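K.L.:
Structure for the following, please:
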Amino acid sequence: MRLKATSIWSLPRCCLHYVAIINIFLITGSYSSESFANKVLSDTFVSIAKNTRAPVVNIHTTRVVKQNTRNRGFRIKGQGSGVIYNKGGYIITNKHVIKDAGEIIISLYDGREFKAELVGTDARSDIAVLKIDAEDLTPARFGNSDSLELGEIVLAIGRPLGLGQTITSGIISAKGTSNIQITGLEDFIQTDAAINPDSYGGPLVNLNGEVVGISTMPTTQAAGYLGTNLAIPVNVVIKTTEDLIKYGRVTRGWLGVTAQPITVQLKEALGLKNNLGGLVSGIEPNSPAVNAGIKSGDVIIKYNGEKIKNLLHLRSLVARTFINEEVKMTVIRDGKELTLTTTILESPKTNAGSKKDLFKDFGLVVQNLTGKVAIKLGYEGEEGVIIKNIQKGSPAYKAGLRKGDLIIEVQHKPVTSVDGLHQAILKIQQEEDILMFIKRQNRTSMFIVLKQKKDV
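P.N.:
Residues are numbered from 1 along each chain as shown. Okay, the predicted model is just below:
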């Protein structure tokens with residue numbers, strides 16, 4: 001699927017009509033240009049509010065938390081918003097909105113309610129896809145988040161239970177926001193539009209009434225509006241949604257290069273005009289990069305016609321490319337620009353590999369903590385995974401892990417078996433560092449950051 005940039009001809013007819021009237025009044029001078037511009041903007045907001053009532057839904061969840069050994073528990077209710085993806089009943093929201101939910105109820109604008117089925121989730125993007133069995137649904141219209149401009153006006157729309165539709169306005173204050181560490185995604189839209197928790201999972205729309213993002217949690221969870229809110233770019237959302245519907249999981253595009261940012265020193269040494277793009281330092285065998293003819297030392301400056309801002313931008317573009325899609329890249333080689341073509345494949349790390357191969361990549365040999373091993377190593381009463389052996393010079397060794405260490409947590413979540421450790425690592429994408437909490441035989445404990453090779 002290819003998302004096309006929005007042109008002025010996709011503006012609602014009412015907006016074009018108002019633009020024509022503004023020009024007439026400005027020419028005749030019979031009306032205040034400022035007051036009329038405000039009128040046009042107000043009418044545009046009203047039009048968007050009307051046109052987005054049907055696609056935006058309320059999501060009401062219930063989960064049971066066990067309270068004691070008699071299996072008694074209490075119900076915790078939650079809510080958020082979502083947006084109708086298509087007439088087939090698929091609905092997009094945040095993963096955290098429906099986390100651990102035992103029951104999910106969708107309330108439509110016309111008062112109808114449906115029990116939803118969970119199609120799939122993606123922790124990295126915080127996207128969840130639900131499905132309801134309903135007729136006469138009105139899907140949202142989707143735009144192109146790559147075409148967003150800083151300062152562009154956007155509306156955040158939600159549907160809290162009992163309050164109906166809520167709308168706040170703001171501007172795009174930043175794009176490609178990274179280092180947020182709330183999900184694995186490093187490509188957020190930042191807006192100053194106020195977004196309340198009940199509106200998480202709802203759409204961020206432009207003045208054409210098109211969805212350009214899905215609202216998600218801010219960096220700091222605190223009461224009230226802090227002035228900075230985040231949305232997942234719609235181009236990421238659509239790729240994730242299509243994958244979850246088709247495969248039940250998310251595929252990641254893979255080019256097969258190791259690249260590095262262009263520093264000031266590299267820019268001068270390579271004779272480049274600027275520091276945009278990614279410098280290829282390594283190429284994986286049998287990869288799309290090999291098929292394209294990419295060579296070590298090439299600087300990738302364009303991907304499918306889009307200028308590469310930095311290495312993070314390149315990774316994001318490749319990862320969200322549909323599998324088996326043909327792409328064109330522009331590279332600088334020996335001072336000349338070349339256009340190369342290849343077909344993007346699925347990232348090898350998307351699919352679960354064997355435990356042996358995974359741990360071998362890190363230089364680790366691990367084993368379950370049995371009773372005898374716990375007594376022998378002084379870990380009585382502990383749970384975790386023992387490092388049985390470690391290869392010197394490996395990523396694990398460089399991170400500070402040593403033979404006999406007990407791995408207790410990965411990404412702040414406990415691991416109690418080799419299988420659990422394997423699954424925990426597989427959930428972490430290849431460009432993310434792995435945070436481990438370990439204990440040592442000398443009774444000390446510490447956090448260790450295990451870095452993964454950052455391929456594109």
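K.L.:
Show me what secondary structure element comes after the worst-scoring helix or strand of the chain on mean pLDDT.
P.N.:
Of all helical and strand segments in the chain, the minimum by mean pLDDT, DSSP states H and E falls on helix 13-28, at a mean of 52. Sequence order places helix 33-51 as the next helix or strand after helix 13-28, per DSSP states H and E.
K.L.:
for the record, mean pLDDT for that next one?
P.N.:
Helix 33-51 shows a mean pLDDT of 80.
K.L.:
Now do whichever helix or strand comes after it: distance to the chain's middle.
P.N.:
Following helix 33-51 in sequence order, the next helix or strand is strand 56-66 (DSSP H and E). Centroid separation between strand 56-66 and its chain, computed with CA atoms, centre = their mean, to the nearest Å, is 22 Å.
K.L.:
where in the chain is pLDDT low?
P.N.:
Scanning the chain with the threshold set as pLDDT under 70 gives 1-33, 64-75, 162, 176-186, 218-227, 349-356, 429-432, 453-455.
K.L.:
Need the three-state assignment for the residue minimising distance to the centre of it.
P.N.:
Using CA atoms, centre = their mean, the residue of the chain that lies closest to the mean C-alpha position is Ser125, 2.6 Å off. The three-state assignment at Ser125 reads coil, by DSSP: H, G, I helix; E, B strand; the rest coil.
K.L.:
does it really touch Val236, like I thought?
P.N.:
Yes - assessed by CB atoms under 8 Å, Ser125 is found in contact with Val236 at 5.7 Å. Where you see a C-beta, it was placed from the backbone N, CA and C, and this is true even at glycine.
K.L.:
quick one, phi psi at Asp419?
P.N.:
Backbone torsions of Asp419, given as degrees, to the nearest 10, read phi -60, psi -40.
K.L.:
what's around it, how many residues?
P.N.:
Counted with other CB atoms under 10 Å, residues neighbouring Asp419 total 12.
K.L.:
Quick check: the gap between it and Ile375.
P.N.:
Using CB to CB, to the nearest Å, Asp419 is found at 23 Å from Ile375.
K.L.:
cool, Tyr200 as well?
P.N.:
48 Å.
K.L.:
Give me the more crowded residue out of the two.
P.N.:
Under the neighbour definition other CB under 10 Å, Tyr200 and Ile375 were set side by side, and Tyr200 has more, 27 against 10.
K.L.:
wait, isn't that one in contact with Leu230?
P.N.:
No - counting by CB under 8 Å, Leu230 is not a contact partner of Tyr200; they are 9.9 Å apart.
K.L.:
show me where the stretch 151-300 of the chain has strands.
P.N.:
Per DSSP state E, counting those that start in this stretch, the stretch 151-300 of the chain carries strands over the ranges 153-158, 166-177, 188-191, 203-205, 211-216, 229-233, 253-254, 257-261, 278-283, 299-303.
K.L.:
partners of the shortest one in the sheet?
P.N.:
Meaning strand 253-254. Sheet pairing of strand 253-254 (DSSP bridges) gives strand 345-346 (antiparallel).
K.L.:
Repeat that for the last one.
P.N.:
Listed by DSSP bridges, the sheet partners of strand 299-303 and their directions read strand 278-283 (antiparallel), strand 306-307 (antiparallel), strand 326-333 (antiparallel).
K.L.:
what distance separates that strand from the centre of its chain?
P.N.:
Mean-position distance between strand 299-303 and its chain equals 22 Å (CA atoms, centre = their mean).
K.L.:
now that strand against strand 257-261, angle please.
P.N.:
Taking axes from the mean of the first three to the mean of the last three CA atoms, to 10 degrees, one finds that strand 299-303 is oriented at 100 degrees with respect to strand 257-261.
K.L.:
Just the CA trace of strand 299-303, in CSV.
P.N.:
Provided in CSV are the C-alpha atoms of strand 299-303 (Å, rounded to 0.1, in the frame of the first residue of the first chain):
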residue,chain,number,x,y,z
VAL,A,299,25.9,7.2,1.8
ILE,A,300,22.1,6.6,1.5
ILE,A,301,20.5,10.0,1.1
LYS,A,302,17.1,9.1,-0.3
TYR,A,303,14.7,6.2,0.2
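K.L.:
Which residues does it contact?
P.N.:
Defining contact as CB atoms under 8 Å, 6 or more residues apart in numbering, one finds that strand 299-303 is touched by 257, 259, 262, 270, 272, 276-280, 294, 307-308, 314, 317-318, 327-333, 337.
K.L.:
With the first one instead?
P.N.:
By CB under 8 Å, 6+ apart, the residues outside strand 153-158 that reach it are 45, 48-49, 52, 56, 80-81, 165-172, 191, 193-196, 198-207, 212-213, 215, 229, 231.
K.L.:
What's the PyMOL line that selects buried ones from these?
P.N.:
The buried residues among these can be selected in PyMOL (16 or more other CB atoms under 10 Å) with this line:
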select buried, resi 48+49+52+56+80+81+165+166+167+168+169+170+172+191+193+194+195+196+198+199+200+201+202+203+204+205+206+207+212+213+215+229+231
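K.L.:
and stretch 382-402, C-alpha only, in PDB?
P.N.:
Presented in PDB, the C-alpha positions along stretch 382-402 are these (Å, rounded to 0.1, in the frame of the first residue of the first chain):
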ATOM      1  CA  GLU A 382      16.000 -16.800  43.900                       C
ATOM      2  CA  GLU A 383      14.400 -17.100  40.500                       C
ATOM      3  CA  GLY A 384      16.100 -16.400  37.200                       C
ATOM      4  CA  VAL A 385      18.400 -17.700  34.500                       C
ATOM      5  CA  ILE A 386      22.000 -18.700  35.100                       C
ATOM      6  CA  ILE A 387      24.800 -17.700  32.700                       C
ATOM      7  CA  LYS A 388      26.600 -21.000  32.300                       C
ATOM      8  CA  ASN A 389      29.300 -19.700  30.000                       C
ATOM      9  CA  ILE A 390      30.200 -16.500  28.100                       C
ATOM     10  CA  GLN A 391      32.400 -15.800  25.200                       C
ATOM     11  CA  LYS A 392      35.100 -13.200  25.700                       C
ATOM     12  CA  GLY A 393      34.700 -10.200  23.500                       C
ATOM     13  CA  SER A 394      31.100 -11.000  22.800                       C
ATOM     14  CA  PRO A 395      28.300  -8.300  23.100                       C
ATOM     15  CA  ALA A 396      27.300  -9.900  26.400                       C
ATOM     16  CA  TYR A 397      30.800  -9.800  27.700                       C
ATOM     17  CA  LYS A 398      31.300  -6.200  26.600                       C
ATOM     18  CA  ALA A 399      28.100  -5.300  28.500                       C
ATOM     19  CA  GLY A 400      29.500  -6.600  31.700                       C
ATOM     20  CA  LEU A 401      27.800 -10.000  32.000                       C
ATOM     21  CA  ARG A 402      29.900 -12.800  33.500                       C
END
